[in-house]
Structure formats: C-alpha cells, structure tokens
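Chemist: give me coordinates for this.
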Amino acid sequence: AMEAVYYAIPVVTMPGFSDQFQNTKLMEERGMGIRVLSDDMTGNNLYNAIQEVLNNIKYKNTLLRMSSHLHSLPYSTIDRAVHWVEYVAHNQGTLGLTPRAANYSLTRLLSLDIYLMLIGICVGLIVLTLLLIWCIRRCCCVKKKTSGSNPSCGRNGI
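Modeler: Predicted coordinates for the structure are as follows:
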C-alpha cells in the first residue's frame with residue numbers, strides 16, 4: 001500500500017488471508033484502487049477492475065494527492081532514523097521510552113497467575129461436583145440398602 005501511495009500507482013487488490021481483507025477494503029474505500037475478492041474472481045471481473053483503475057482518473061488523482069502528502073513530510077525516513085540514533089546516544093539509552101511491560105516478570109507478562117487461578121477454580125468445581133455426586137449416591141444407596149440390596153449402588157450395596 002505504501003509503495004502504491006509513494007509512486008501514485010492505482011492498484012487492483014486481491015486479498016488472500018488475515019489482515020489483507022481489512023487493508024484492501026480500506027484501500028478501496030480511500031479510492032486507491034479496486035478490490036476483487038476470490039469469490040468474484042473471474043477473468044471478466046479482473047479485466048473490468050484493471051480497466052476501471054487504468055481509465056478512471058479519480059484513482060490516479062487520489063493517489064497523486066496522497067503521494068504529495070507523503071513526499072512533503074517534514075523529515076525523511078533517514079532523517080528520522082538519524083534523529084533517534086542520536087537521541088539514544090545522547091541520553092545513554094531509552095529509559096524514558098521503555099514500556100513498563102519490559103520490566104514485568106514472565107508470570108505477569110503472560111498472565112500465568114490468572115490462568116493458574118482459573119484452572120484451579122475449574123479443577124475445584126469439578127472436584128466439588130464429583131464429591132457431591134459421590135455423597136448423593138452414597139446417601140441414596142444407604143437408604144435403599146435398608147429396604148434391600150440395590151445392584152446399582154455398587155459393591156455390597158454401597
């Protein structure tokens with residue numbers, strides 16, 4: 001997308017997976033080109049999209065305007081890189097720019113404590129459920145044992 005803007009070249013996009021669908025939709029909405037989805041992919045549709053991009057001046061004008069904005073940025077990429085290298089050298093590091101997460105332990109960074117707590121709660125609920133089922137079964141079998149042997153209660157009526 002940046003190359004299309006930099007050189008002011010309208011594009012026909014064909015998203016394949018992941019974020020390409022969103023990116024190509026934004027490009028189409030901003031007038032940078034036309035998106036052709038794989039469901040609509042036919043030779044005729046692709047040909048029509050290419051012809052539209054080549055012959056409709058609105059795409060070229062939009063990209064010329066965007067390219068002009070990009071080229072008129074106050075600093076070039078090299079100037080920005082030099083600035084940040086000099087900044088880091090002058091300040092002996094990037095202490096003020098370091099995110100707080102850089103100092104987190106792995107447990108906190110990956111939220112392992114939260115996951116372990118959730119797993120513990122789930123295991124606890126399963127154990128409590130099994131214990132409750134065991135108690136109910138034992139209680140029912142004891143009552144039925146007094147009225148006679150109940151084969152569904154397991155070994156020796158218990």
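
Chemist: buried set for stretch 57-69?
Modeler: Of all the residues in stretch 57-69, those buried under the rule 16 or more other C-beta atoms under 10 Å are Y59, K60, T62, L63, M66, S67. Where you see a C-beta, it was placed from the backbone N, CA and C, and this is true even at glycine.

Chemist: chain center to whichever helix or strand I121 is part of: distance?
Modeler: Using DSSP states H and E, the element containing I121 is helix 112-147. On the basis of C-alpha atoms, centre = their mean, to the nearest Å, helix 112-147 sits 38 Å off its chain's mean C-alpha point.

Chemist: equivalent analysis for stretch 105-120, please.
Modeler: Relative to its chain's centre, stretch 105-120 lies at 20 Å (C-alpha atoms, centre = their mean).

Chemist: same for the helix or strand encompassing Q22, what does it pack against?
Modeler: Per DSSP H and E: Q22 is located in helix 20-29. On a contact count with 3 or more C-beta pairs under 8 Å, 6 or more residues apart in numbering; DSSP states H and E, helix 20-29 meets strand 11-13, strand 33-35.

Chemist: can you tell me which of the ones you listed is nearest to L95?
Modeler: If you check each of the helices and strands packed on helix 20-29 against L95 by C-beta to C-beta, strand 11-13 wins as the nearest, at 42.1 Å.

Chemist: direction included, what does that closest one pair against?
Modeler: strand 33-35 (parallel) (DSSP bridges).

Chemist: can you tell me what sits against the strand it pairs with?
Modeler: By C-beta atoms under 8 Å, 6 or more residues apart in numbering, the list of residues contacting strand 33-35 from outside reads 4, 10-15, 24-25, 27-28, 49, 52-53, 59.
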